[in-house]
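1. build me a model:
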Amino acid sequence: MTRWLDDDEQHTWRAFLAASQLVQEELDRQLQRDSGMPHAYYAVLVRLSEVPGRALRMSELAAEVNSSQSRLSHAVARLEERGWVRREPCASDKRVSWAVLTDEGFSVLAAAAPGHVEAVRRSLFDRLDPEQIRQLAGICAAVLGKAAR
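-> Have a look, this model is predicted:
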């Protein structure tokens, strides 16, 4: 039996979709305009910058950025063309390859980060009060199945 959304749930669902899309589009536009990359590429660079050695297995990186392996492979190929990421084979397992953030990629990320953070503030956090930010954190944690930080 289908559990249809009531009017409040339907309104909330549509508002969530619209708000999520608005924020994503604003962030993507800002990164394209200011840094010449889509938000998905920025996410890959960020994740690689946060790990020791700036390297992750491709499968692990795909999971970290919520991407399919084929979509990530395409993104990494574009990032390789720009010299921002390189792939390295795994010495112990020929089926595995690593994505490694290059020094040039780190520099590009460092240059893009201030504008991106400001865009995140403008598109999301500046529109919320501190209590709404705490509530949003709790809501996101519940949806993701994790404890709020």
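
2. now the residue most central in space within the chain: phi and psi?
-> What sits nearest the mean C-alpha location of the chain, by C-alpha atoms, centre = their mean, is residue 43, with 3.9 Å. Here is the backbone geometry of residue 43 (degrees, to the nearest 10): phi -60, psi -40.

3. so it touches residue 65, yeah?
-> Yes - counting by C-beta atoms under 8 Å, residue 43 does reach residue 65; the two are 4.8 Å apart. For glycine as for every other residue, the C-beta is placed from the backbone atoms N, C-alpha and C.

4. contacting residues for residue 38?
-> Going by C-beta atoms under 8 Å, 6 or more residues apart in numbering, residue 38 touches 28, 31-32.

5. for those, which one is nearest residue 89?
-> Of all those, residue 89 sits closest to residue 31, with 30.1 Å by C-beta to C-beta.

6. tell me the average confidence for the helix or strand containing that closest one?
-> Assessed by DSSP states H and E, residue 31 sits inside helix 7-35. Here helix 7-35 scores 96 as its mean pLDDT.

7. do stretch 85-105 as well
-> Mean predicted confidence for stretch 85-105 is 89.

8. now that stretch: buried residues?
-> 85-86, 97-102, 105 (16 or more other C-beta atoms under 10 Å).

9. report how many residues lie close to the residue nearest to residue 35 when sequence neighbours are not counted.
-> Once flanking residues are discounted, residue 35 sits nearest to residue 112: 3.9 Å by C-beta to C-beta, 6 or more residues apart in numbering. Residues near residue 112, counting by other C-beta atoms under 10 Å, number 20.
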